[in-house]
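> structural data only, the sequence is not supplied:
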């Protein structure tokens, strides 16, 4: 008889909150408590595995709660006081082309905090703290939800401030991220929109401090939880690495084989917000049962609010730039779709 172990209490709580949501009586506060407990145990991979197994609607609901759980913490207060929160947010900003090395990406934390307070229209009494450098996608690629949660929890507990990232890595894409914390906010969320005049003034104030930023206010969107910025950054880095690997193998093929090779770009859909992307190199002259000449490892990407075509489009553009012109984008649908 095979051995079977009962799920641990937190896993059971996670199962219960998912089932409660399916029956329309979920408790968001209880769900966040459970997710924060899992993050504190550094069980992020368990949560991502669950996300990958859920349908799209359930997975997006759970990730929204997970982003809030990772990036907002209730601060200690007297029982009769209204709760206040420590919240970790991010703005995605455009960078200039042809950046010089080493990167500086330095900003003035006090000036930037005042800009954010004014143009995000934050509630009175909210203290704004700003990371003293803009972080690149390659830098955020090394972070985790567990790390974000530890960082904001430490600030909520008035522990000494630590840099979120010790080292700045050259960007893969032409973007950088402004990471900031709101201490004592009356709301666990972030402003959902930016007025045009606020967008213009905010970017002008940032460009004046950091010459490596591009003055492109149309690219500045409303602030998001830092969890979303982290996953967007990791998507860019991982898809570029997948393209690099595919291109390297394609170049090493015999020229005759390479000229007829078709690159298949595979994206999985219909199974939530965390999905695999992979590539095949396929020689149409080989028998059908031969299979691909080469298949890449899976790269897992976060896809909430992301068009399903985007990973394929990004990879296609990279392959075209390298001289590969024969490719197909294959969307692999889950059976229920």
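Alright, I've got the coordinates. Fair warning: this is a prediction, and the values are worked out from it, not measured in the lab.
> roughly how far out does stretch 55-64 sit from the chain middle?
15 Å (C-alpha atoms, centre = their mean, to the nearest Å).
> buried set for it?
Judged by neighbour count using 16 or more other C-beta atoms under 10 Å, the buried positions of stretch 55-64 are 56, 58, 59, 60, 61, 62, 63, 64. Yep, even glycine has a C-beta here, placed from its N, CA and C like the rest.
> pLDDT (mean, whole number) over it?
For stretch 55-64, the mean per-residue pLDDT is 88.
> if you count contacts, what does the longest helix along the chain end up packed against?
Among the elements of the chain assigned as helix by DSSP state H, the one spanning the most residues is helix 226-252. Judged by 3 or more C-beta pairs under 8 Å, 6 or more residues apart in numbering; DSSP states H and E, the packing partners of helix 226-252 are helix 56-71, strand 85-94, helix 137-140, helix 145-156, strand 175-185, strand 274-282, strand 299-302, helix 310-321.
> possible to save the ones you listed as CSV with distance to residue 234?
Conversion of the helices and strands packed on helix 226-252 to CSV gives the following (distance: least, C-beta to C-beta, whole Å):
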stretch, distance to residue 234
helix 56-71, 14
strand 85-94, 13
helix 137-140, 7
helix 145-156, 11
strand 175-185, 12
strand 274-282, 11
strand 299-302, 7
helix 310-321, 12
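> and the ones you listed: which comes nearest residue 166?
Distance to residue 166, taken as C-beta to C-beta, is lowest for helix 137-140 among the helices and strands packed on helix 226-252, at 9.4 Å.
> which one of the buried residues of stretch 55-64 sits closest to residue 282?
Among these, residue 56 lies closest to residue 282 (C-beta to C-beta), at 28.5 Å.
> verify the stated contact: that closest one with residue 268.
No: under the criterion of C-beta atoms under 8 Å, residue 56 makes no contact with residue 268, lying 11.4 Å away.
> low pLDDT regions in the chain?
Low-confidence segments of the chain (pLDDT under 70): 1-4, 78-79, 269-272, 305-309, 333-337.
> just give me the residue right at the centre of it.
Centroid-nearest residue in the chain, with C-alpha atoms, centre = their mean: residue 231, separated by 1.3 Å.
> what residue, apart from its backbone neighbours, is nearest that residue spatially?
Using C-beta to C-beta, 6 or more residues apart in numbering and skipping the chain neighbours, the partner closest in space to residue 231 is residue 302 (3.7 Å).
> test my guess that that neighbour contacts residue 233.
No: the pair residue 302 and residue 233 fails to qualify as a contact (C-beta under 8 Å) at a distance of 10.0 Å.
> having no further points to raise, I will conclude here.
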